[in-house]
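Undergrad: sequence first, then the predicted structure:
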Amino acid sequence: MQSNQKPKQQSDAVHAVNNNSKEPDLNEQMSIRMAKWQTLTAAGENPFETVCYPVTHHSLDIHEQFDQLEGQTVSLAGRLMSKRGMGKVSFCDLSDQEGRIQLFTKIDALGETNYAQWQKLDIGDWIGVRGQVFRTQKGEISVKTESYQLLAKALRPLPEKYHGLKDTDTRYRQRYLDLIVNPEVRDTFVKRSLIIRTLREQLDRMQFIEVETPMLNVIPGGAAARPFITHHNALDIDLFLRIAPELFLKRLVVGGLERVYEIGRQFRNEGLSIKHNPEFTLLEAYQAYTDYEGMMTLTEQLITSAAQAVHQTTIIPWQGKTIDLTPPYQRMTMREAILKYAGIDFDLIKDDEAAMQLAREKNLEDIKTGMRRGDVMNLFFETYCEANLVQPTFITDYPIEVSPLTKKKPGHPELTERFELFIDGREYANAYSELNDPLDQRARFDAQLKKREAGDEEANLLDDDFCVALEYGMPPTGGLGMGIDRLVMLLTDSPSIRDVLLFPTMKPIQRTDEA
């Protein structure tokens, strides 16, 4: 009785696929594959029953160690990616995590029954293979199949042109397909892992301690950004997904941890673009007894080590350009950059009204009521300078109005000891000589609250507990924030942030049920 019910359920599944499919070819192929599954199961050979398979080698091992492995028997597993030959001899390509290897299969080696089942395998099926390593007459390193096992049946066919999936929307939504059929995509994410591992190793060698800080915050702080809001049912309070770990990490410096860092997800309720995703990965590091000059050196060391790990050089290709990441990087104050690229000397702009008048004369976008001289200065920099900074450049001495957590520059109370690193017009790092004066910090938070009251939703809120922490004393400290996603984009020559996120944020597809 049970054996009769199972085929009925599978037939229903085929029927459901038929009804919901808008592609007749896909419909037909899936029906054929489902029928094969049904036949196997009826014969007591459930293609999803296997729980493990002994793997001794990957494809790359066989290619790299051929001289040692030739004539040896190996066991490997992966996805069937192509089939050639329909007689007594056949060839196919097996794809695993390390690459591809050709399989050579003869009816004499498997026997007629097993060879007939082998021929019924579909592209996309997962198989385990045991066989001898050899080189074909055409010189291709291969494995001569001695036995095999179907590990999982692919009920859906791979994209028709299995050697490449081009539609970016499909690639981002169905990243698993992208990884299957586009080897260069897999390589990008292997490199991403290498980059993050290299950054960790470099920081660990420098005696930084990796820590973890809360993702759910009562007060969103440490950056100028609009947060996501959630609700904690047990406490019956709204909480914010963190926009930066900065204020927690500096609390740890107050507590005596001299060098700390965190690599983790941040969340900002902002727009989507090729440079922005609502959730992203950020490295933040804090070091006692140093300043923003020390953070410049640290930034150069981190980027250089990552570039060497990926490219074995610090001169890399980027979107048709050549970027030289060899330290030291160029350094330029914001005032110098504006003077160079806009021809305006902000030393001659003495007050807020003069700055606003100049902005109106130049028809700058994003002018807001209540902007002060420093806000306008930053706006001029963004408008006229950023795009011109192709080779790595540290822009220093930011106005105090846009740097609420940064120490004032000695002798220039309107400026702060802050830098941002720009490469080809994009910001890659942001660092400060951290503000450790608790009275000054409260005054800066008060200024941010006034901005918020004037309509700036990204202005910082007052974090009273952080101010209390500073009142216990924080040593002179340098702090650095570096966007991991943008660094991966740079080092893998990827034009969009979605190319370096396994699962980027996407607008849901609106589906309608057919009658």
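TA: Okay, I see it.

Undergrad: in what helix or strand does Leu358 lie?
TA: Under the criterion of DSSP states H and E, Leu358 resides in helix 352-361.

Undergrad: what helices and strands are in contact with whichever helix or strand comes after that helix?
TA: Sequence order places helix 373-384 as the next helix or strand after helix 352-361, per DSSP H and E. With contacts defined as 3 or more CB pairs under 8 Å, 6 or more residues apart in numbering; DSSP states H and E, helix 373-384 has these neighbours: helix 334-342, helix 352-361. Glycine gets a C-beta too; all of them are placed from N, C-alpha and C.

Undergrad: hmm, back to that, contacts for the helix holding Leu358?
TA: With contacts defined as CB atoms under 8 Å, 6 or more residues apart in numbering, helix 352-361 is touched by Ile344, Phe346, Ile349, Ile367, Met371, Arg372, Arg373, Val376, Met377, Leu379, Phe380.

Undergrad: nearest residue to the third one other than its sequence neighbours?
TA: Computed as CB to CB, 6 or more residues apart in numbering, the closest residue to Ile349 that is not its neighbour in sequence is Ala355, at 5.1 Å.

Undergrad: quick one, grab the pLDDT at that neighbour.
TA: What the model reports as pLDDT for Ala355 is 95.

Undergrad: dump the helices and strands packed on helix 373-384 to TSV, plus mean neighbour count and distance to Thr416.
TA: Formatted as TSV, the helices and strands packed on helix 373-384 follow (neighbours: other CB atoms under 10 Å; distance: least, CB to CB, whole Å):
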stretch	mean neighbour count	distance to Thr416
helix 334-342	18	10
helix 352-361	15	17
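
Undergrad: confidence-wise, which of these is weakest overall?
TA: Across those, the lowest-scoring stretch is helix 352-361, with a mean of 95.

Undergrad: now the stretch 151-300 of the chain, which segments are flagged as low pLDDT?
TA: Confidence mapping of the stretch 151-300 of the chain against pLDDT under 70 gives the ranges 160-164.

Undergrad: 50 instead, please
TA: 162-163 (pLDDT under 50).

Undergrad: can you show me the strands along it?
TA: 209-210, 216-217, 229-232, 237-241, 259-267, 279-288 (DSSP state E, counting those that start in this stretch).

Undergrad: which of those strands sits closest to Phe104?
TA: Among the strands of the stretch 151-300 of the chain, strand 279-288 comes nearest to Phe104, with 43.4 Å by CB to CB.

Undergrad: and that closest one, what does it pack onto?
TA: helix 183-205, helix 246-254, strand 259-267, helix 292-311, strand 477-483, helix 484-492.

Undergrad: possible to save those as CSV with distance to Asn363?
TA: Formatted as CSV, the helices and strands packed on strand 279-288 follow (distance: least, CB to CB, whole Å):
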stretch, distance to Asn363
helix 183-205, 40
helix 246-254, 35
strand 259-267, 34
helix 292-311, 33
strand 477-483, 31
helix 484-492, 30
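
Undergrad: of all those, which one is nearest Lys138?
TA: helix 183-205 (21.8 Å).

Undergrad: and the closest one with helix 484-492, angle?
TA: On the basis of axes from the mean of the first three to the mean of the last three CA atoms, to 10 degrees, helix 183-205 is oriented at 120 degrees to helix 484-492.

Undergrad: can you name every helix or strand that helix 183-205 contacts?
TA: helix 175-181, strand 209-210, strand 259-267, strand 279-288, helix 292-311, helix 484-492.

Undergrad: selecting buried members of the contacts of helix 352-361 in PyMOL, what would you type?
TA: Here is the PyMOL command that selects the buried residues among the contacts of helix 352-361 (16 or more other CB atoms under 10 Å):
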select buried, resi 344+346+349+371+372+373+376+377+379+380
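
Undergrad: wait, which of the contacts of helix 352-361 is closest to Arg498?
TA: Leu379 (28.3 Å).

Undergrad: excluding its backbone neighbours, what's nearest that closest one?
TA: Leu364 (5.7 Å).

Undergrad: what residues are up against the one you found?
TA: Val376, Leu379, Phe380, Thr383.

Undergrad: residue contacts, Ile367?
TA: So Ile367 contacts Met356, Ala359, Arg360, Val376, Leu379 (CB under 8 Å, 6+ apart).

Undergrad: mind picking the two most distant members of those?
TA: Arg360 and Leu379 (11.6 Å).

Undergrad: before we move on, back to that, measure the residue nearest to Ile349 to Met371 for me?
TA: 8 Å (CB to CB, to the nearest Å).

Undergrad: now do Met474
TA: In terms of CB to CB, Met474 sits 30 Å off from Met371.

Undergrad: can you put the helices and strands packed on helix 183-205 in a markdown table and add mean neighbour count and distance to Glu246?
TA: Shown next, in a markdown table, are those (neighbours: other CB under 10 Å; distance: least, CB to CB, whole Å):
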| stretch | mean neighbour count | distance to Glu246 |
| --- | --- | --- |
| helix 175-181 | 17 | 31 |
| strand 209-210 | 13 | 16 |
| strand 259-267 | 19 | 10 |
| strand 279-288 | 21 | 6 |
| helix 292-311 | 20 | 13 |
| helix 484-492 | 23 | 16 |
